[in-house]
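**Q** Need coordinates for the below:
(chains A, B and C)
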Amino acid sequence: MKRSPSEKIWLVIKYVLLIAFTITCLYPLLWLLLTSFKTNQELYINTWGLPQNFSFKNYVDAVVTGGILRYFGNSVLISVTVVIVTAILATMASYAITRMEWKLSKLVYALFIAGMTVPIYGLIIPMFSIFKRMGVLNTHIAVIIPQIALGFPMSIFIICGFMQSIPRELEEATVIDGCSVFQCFWKIIVPISRSSVVTVMVVQFINVWNDLLLPRIFLTDQSKMTLPVGLTNFKAQYSTNYVGMIAAVILTIIPSIVVYIVLHRQIMEGMVAGAVKG
Amino acid sequence: MKKTFGNKKTIAIFVLPALIIYSVFALIPIVYNVYLSFFETNLMEVNKFNGLKNYIDLFHDGTFRKALLNNIIMVIGSLIAHMPLAMFFGNAIHRKIKGASFFQTVFFLPSVICGVAVGLTWTFIYNGNYGLLNGLLKAIGLGKYTQVWLSNAKIAIIMIIIVVMWQYVGYHMIIQLAAMRNIDAELFEAAEIDGATEWQQFKSITFPLLKPILKIDAVLIITGSLKYYDLVAVMTNGGPNHATEVMSTYMYYQAFNILRYGYSATIGVVLMLLCILSVGISNVVFRTEKEGR
Amino acid sequence: MKKKTVGLLVALALASLPMAAQAEGEVLTMMMNSSESDSQAAGYKNIIEKFNESNESGVTVECTFYSNSDYKTALSTMMASDSEPDIIFTWELGYLGNYVNGGKIVSLQSYLDADEEWKNHFNDGTFELLTYDGEIYGIPTQQCLGIMYYNTRIFEENGLSVPTTWDEFVNVCQTLKDNGVTPISMASTAADAWLVSQYIQEISNGIKGYELFDSIYQGGGAWNDPAFVEAAQKFQEQVNAGYFEDGFTGVSGDEAREFFRMGMSAMYFNGSWEISNVGDATLSPEAENISCFVIPKINAEYDGVTLGSVDTSFAVTKNCQNVDAAIEFLKFWTNEENASMLAYDYGRMPATDWELDESKLTPLLAKGIELLGEQKNMTPWFDRVNADYGNEFNNQSIAIANGDDPQTCFDALQAYVESHPAE
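**A** Just a heads-up that it's a prediction; the model follows:
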């Protein structure tokens, strides 16, 4: 298909903007990568240049002294558990709220949504008391449960928003064919809602992965801490080992990027396959 | 039909697991927080019922008003970056451009990097002596505008908001792009045969079909900006002299630094009310549009 | 699917169970403000290990280390929900005062009285900062002082000697400036607000002496006292004269230290806790050339009134079931062997009067200890006296560094204090 001159100009503009933004996204990463080879002195004296020599000392520091791999494992355990549990329970609850007929559904929905408006910082003290009573302080459960609980509002909001748009005839036909509600849920609703569930999982993953607050309050053992907390180990009382911290950041970004690149194909394929045609 | 979808046991199986976890670990703390907001308390010896005094104090608190204003600027900035801009990029990528999946991945990257690293990088970019931004200004002959960006009380919050805007463009783009990919490609093909320009296609096909997800996105952006904490804490921690204070940092400061838990809870409650208000407004906008269609 | 979820949660619960039954014998819990990146953390760990190995009564101490930024949050959360550990790191004055008033802390008065020898080893005036209603609630282990580090090489090259009067100090700055050397590197980003305020506080000590500090500390004084305003004006004069590094309002603490360590500035204002950092030869090519002095007072009569306090103090909480064991541990921590180990190896100035072997001290630390001995009256940081007012003081100091009018700033501070009366 031939393009008109105005379309060509438009295309150029689009590319210019896309590439400009690409640079702003990649440059900080490149800077972090280069800085990870510098010494703390070079960081201030030769901030933007190439490192004087490519020493892996900071990476050794990050892994050996900083123990970053252990923190990474903890972060993976916590975020994966939270993401999976939240997605499953939120999808189920959303299904009941939007597709089933009961009087309190609107109230329950409102209760869930109310949680979206609360900053987590306000809930630390009461949560701490509850976990103390449960005896789960300093276990990963103390971090996982509040993340799940506070993940529901946003997840249910997104999934309900999507499920409301699914035509009711679809399930009614299935039920007439003799399927149970559960079958209907798994075979019809879940596949159709896949894109919203994936969105929820991505949003939730980022929240949990970057959270600094809950682990540092509910956990005390260094061996149980998560990555963002691990990064604060590079902070001394009056100084910070920035280059060590940056090396640790690089180590943690790489797997996230790989996971994202691998997953995003599947995510997109899943979304296209599950799309509501028309 | 009603029987199948109205079976109480089935409903309970679906909704109770989430509801129970949520009630115990979110609702109870929320209620407790509201309760605390009527007290002057450090959760130890001082525990005085205060009525509405905290709320009245808050109303007169200059720092809180500044924090609120900063949050509102952040809402506006985020709405601009995460709606039109993200939509523009999303649409560009959606229209089968070369390197689509490359752009998509790269744009998403900043939101995966933890706040500590993002804050650190941008602190160096904004540095007064050798920061990239000042270097850039000098290079294009605007040397007189160079300054110590994060120490200037007048603009520090704007500089932080710019980073927030930058960081999450890709994140919202992905949400919107996912919805765009759900639109039937035949619609665009038909429009193209009819000779519709790209802008016309966007206006008459993409945008209307995107509205439901945009509503959701708007709520995420507004509540997210009102509750925002991370980069402010990392880059300036609310300073210089409260210039970059936002409600969350102020709330955190009141509770954990000076042990005014009651007052801190009050900020939390006000923040909650503001968020509810914004969700309400989004819903109203949504409804009128539905009727108008 | 739900079964799976429940299974997962149960599995997680089980995985975390063995934890509880880990320790045998009696365990004292402790929390410490220090991170892996503080070199002295290794010294602290060493003390705890030695205690756990040598202790006959079978009591062991389990210590959790928190970084500075997390410590206050973690401790206040625990205090609010009654789960604080047995022994806590604490700051003096207002910080510990909150918890003493909250009925959370054990008075150590009787334990100190029972062991006069131990008590007498602490330097004069150190207990005062941890005394509430006439009883001592905390054990100080270190002392600190606001000092000006300087580079002897740069001073010599410019024909300068250590200033002994305020005018000489200003002259030193001016000469360096004229010779194209950055006189002082100091951090003053929002996160380093306390560095600027401590500089103003130190100047104010030389204007009105201890009386000024005391009037705020004991109550009755005003923040817009002319002495504070004058101190801030002196500071601003120095800022305008270019005595601080370019763009210093955007320079972070780490950056300022790096400038000084690399010999790019002649002086560096900070606290004595920095001795081990600036004097570290592996990090600083100038390490051998670094010494320190106390900023001379504007009124010579106030010589000896200097910014300083106790540091790294410990308190025992009411949660502690075995206070005797906790006391035993604190005695161990402050004994000659451990106090001198922290001084020799980690540059920590002890709050106890053990005879130190000069040959094992770095010259810089020896100088710091000498300066400490010369001071008659220490004025602690205001944010340690009262976190709320002190933080506002820090905030106003930053505004002053950025050029705001000192009188207006201190009036605003006074207005804030009046509208937020302390209980």
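
**Q** Find the nearest non-adjacent residue to residue B:118, please.
**A** Excluding the flanking residues, the one nearest residue B:118 by CB to CB, 6 or more residues apart in numbering or on different chains is residue B:167, at 5.9 Å. Heads up, the C-betas are built off the backbone N, CA and C, glycines and all.

**Q** pLDDT weak spots in chain B?
**A** B:1-4, B:45-46, B:286-293 (pLDDT under 70).

**Q** Settle this for me: the residue nearest to residue B:118 is touching residue B:108, isn't it.
**A** No. Contact criterion CB atoms under 8 Å: residue B:167 and residue B:108 do not qualify, at 10.6 Å.

**Q** quick one: contacts for the residue nearest to residue B:118?
**A** B:110, B:111, B:118, B:231 (CB atoms under 8 Å, 6 or more residues apart in numbering or on different chains).

**Q** For residue A:20, see how far away it is.
**A** The gap separating residue B:167 from residue A:20 is 16 Å, by CB to CB, to the nearest Å.

**Q** Over to residue C:34?
**A** 45 Å.

**Q** who's more crowded, these two?
**A** residue C:34 (23 against 10; other CB atoms under 10 Å in any protein chain shown).

**Q** Number of residues surrounding the spatially closest residue to the more buried one that is not a sequence neighbour?
**A** With sequence-adjacent residues excluded and distances taken as CB to CB, 6+ apart, residue C:34 is closest to residue C:41, at 4.3 Å. Neighbours of residue C:41 under the rule other CB under 10 Å: 19.

**Q** thinking residue C:41 is in contact with residue C:48, fair?
**A** No. In this structure, residue C:41 is not within contact of residue C:48 by CB under 8 Å, at 10.6 Å.

**Q** shouldn't residue C:187 be in contact with residue C:249?
**A** No. Applying CB under 8 Å as the test, residue C:187 and residue C:249 come out as separate, 9.4 Å apart.

**Q** So which elements touch the helix or strand harbouring residue B:108?
**A** In this assignment (DSSP states H and E), residue B:108 forms part of helix B:100-112. Where contact means 3 or more CB pairs under 8 Å, 6 or more residues apart in numbering or on different chains; DSSP states H and E, helix B:100-112 is packed against helix A:5-35, helix A:194-210, helix A:242-274, helix B:86-94, helix B:156-181.

**Q** Just the closest residue of the stretch 51-200 of chain A to chain C, please.
**A** Of all residues in the stretch 51-200 of chain A, residue A:139 sits closest to chain C, at 3.4 Å by CB to the nearest CB.

**Q** Using the three-state scheme, assign that residue.
**A** coil (DSSP: H, G, I helix; E, B strand; the rest coil).

**Q** any idea how far residue A:66 is from residue A:226?
**A** 13 Å.

**Q** Tell me, how many residues neighbour the closest residue to chain A within the stretch 201-350 of chain C?
**A** Residue nearest to chain A within the stretch 201-350 of chain C: residue C:258 (4.6 Å; CB to the nearest CB). A count of nearby residues for residue C:258, using other CB under 10 Å, gives 22.

**Q** Name the SS class of it, please.
**A** helix.

**Q** Could you list which residues are in contact with the residue nearest to it when sequence neighbours are not counted?
**A** Spatially, and ignoring its direct neighbours in sequence, residue C:258 is nearest to residue A:44 (4.6 Å; CB to CB, 6+ apart). Residues near residue A:44 by CB under 8 Å, 6+ apart: C:254, C:255, C:258, C:259.

**Q** So residue C:151 sits against residue C:292, correct?
**A** No. Judged on CB under 8 Å, residue C:151 makes no contact with residue C:292 at a distance of 10.5 Å.
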